[in-house]
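Chemist: Fold the following and give me the result.
(one chain, ligands or ions: 2)
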Amino acid sequence: MRIGSGFDVHAFAEGDHVMLGGVRVPHHHGLAAHSDGDVVIHALCDAIFGALALGDIGTHFPPSEARWRGADSRQFLRHAAALMRAQGYRLGNADVTVIGEAPKVAPHAAAMRENLAADLDCPVSAISVKATTTEKLGFLGRREGLAAQASVLLERA
Ligand SMILES: Nc1ccn([C@@H]2O[C@H](COP(=O)(O)O)[C@@H](O)[C@H]2O)c(=O)n1
Ligand SMILES: C[C@@]1(CO)OP(=O)(O)OP(=O)(O)OC[C@H]1O
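Modeler: Residues are numbered from 1 along each chain as shown. Ligands and ions are numbered 1, 2, ... in the order given. A predicted model of the protein is given here:
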């Protein structure tokens, strides 16, 4: 078995939605990023890369490369899943927490879990997506951006 953890933050910018776990969530801001800024998927990718000791998301998808501009982060997750399988592992379970005051994540958590499970080729029951505020404290509490953290357990396939 291997465990991994990941963390990602993106600042709010102009826009009318954020992408979270591959779900387009309406919001009065977007997220500033090279890709689509999906903090859920970025944290999950880093957790998988970490579990495999294969670097991090920037190692695999350098922000210096124009081809990742505006990219759908689900392709990053499918790549991480392919590397996981190639190393002889499958996802045991994943637990993701979105941190921020808004938008509300709970109404979209089921759709996010479906997307993540599809990309990781695992049962939806193996994927948890939850959220918390920071009780208005700090940069997340001031609604300057959104963060996500993820933990994964990989099992031998
Ligand atoms: N962006 C968020 C933040 C929180 N939630 C939901 O609200 C619950 C209460 O959050 P507290 O930080 O006050 O404990 C939390 O358990 C989530 O269900 C959310 O959906 N989106
Ligand atoms: C995803 C990548 C792709 O270039 O860029 P960003 O969308 O800015 O996201 P970040 O979480 O900073 O991870 C780095 C990059 O791999």
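
Chemist: need the contact list for residue 81.
Modeler: Contacts for residue 81 were tallied using C-beta atoms under 8 Å, 6 or more residues apart in numbering; they are 48, 91, 119-121. C-beta here means a position set from N, CA and C on the backbone, and glycine is covered the same way.

Chemist: now it: how far from residue 75?
Modeler: Remark: distance between residue 81 and residue 75 (C-beta to C-beta, to the nearest Å) = 11 Å.

Chemist: same deal with residue 61?
Modeler: In terms of C-beta to C-beta, residue 61 sits 9 Å off from residue 75.

Chemist: Comparing these two, which shows the higher neighbour count?
Modeler: With neighbours defined as other C-beta atoms under 10 Å, residue 61 and residue 75 compare such that residue 61 has more, 19 against 14.

Chemist: Residue 76 is in contact with the more buried one, correct?
Modeler: Yes. Contact criterion C-beta atoms under 8 Å: residue 61 and residue 76 qualify, at 5.8 Å.

Chemist: residue boundaries of the helices in the protein?
Modeler: 39-52, 57-60, 74-86, 109-120, 138-141 (DSSP state H).

Chemist: which secondary structure elements does the first one contact?
Modeler: Contacting helix 39-52 under the criterion 3 or more C-beta pairs under 8 Å, 6 or more residues apart in numbering; DSSP states H and E are the following elements: strand 2-13, helix 57-60, helix 74-86, strand 89-99, helix 109-120, strand 145-156.

Chemist: For this structure, which residues are neighbours of ligand 2?
Modeler: Near ligand 2, the residues belonging to the chain are 8, 33-35, 37, 42, 57-58, 61-63, 68 when assessed by C-beta under 6 Å from any ligand atom.

Chemist: ok, the residue lying closest to residue 104 once chain neighbours are set aside to residue 108 distance?
Modeler: Leaving aside its sequence neighbours, residue 104 sits nearest to residue 131 (C-beta to C-beta, 6 or more residues apart in numbering; 7.5 Å). Relative to residue 108, residue 131 is positioned 9 Å away (C-beta to C-beta).
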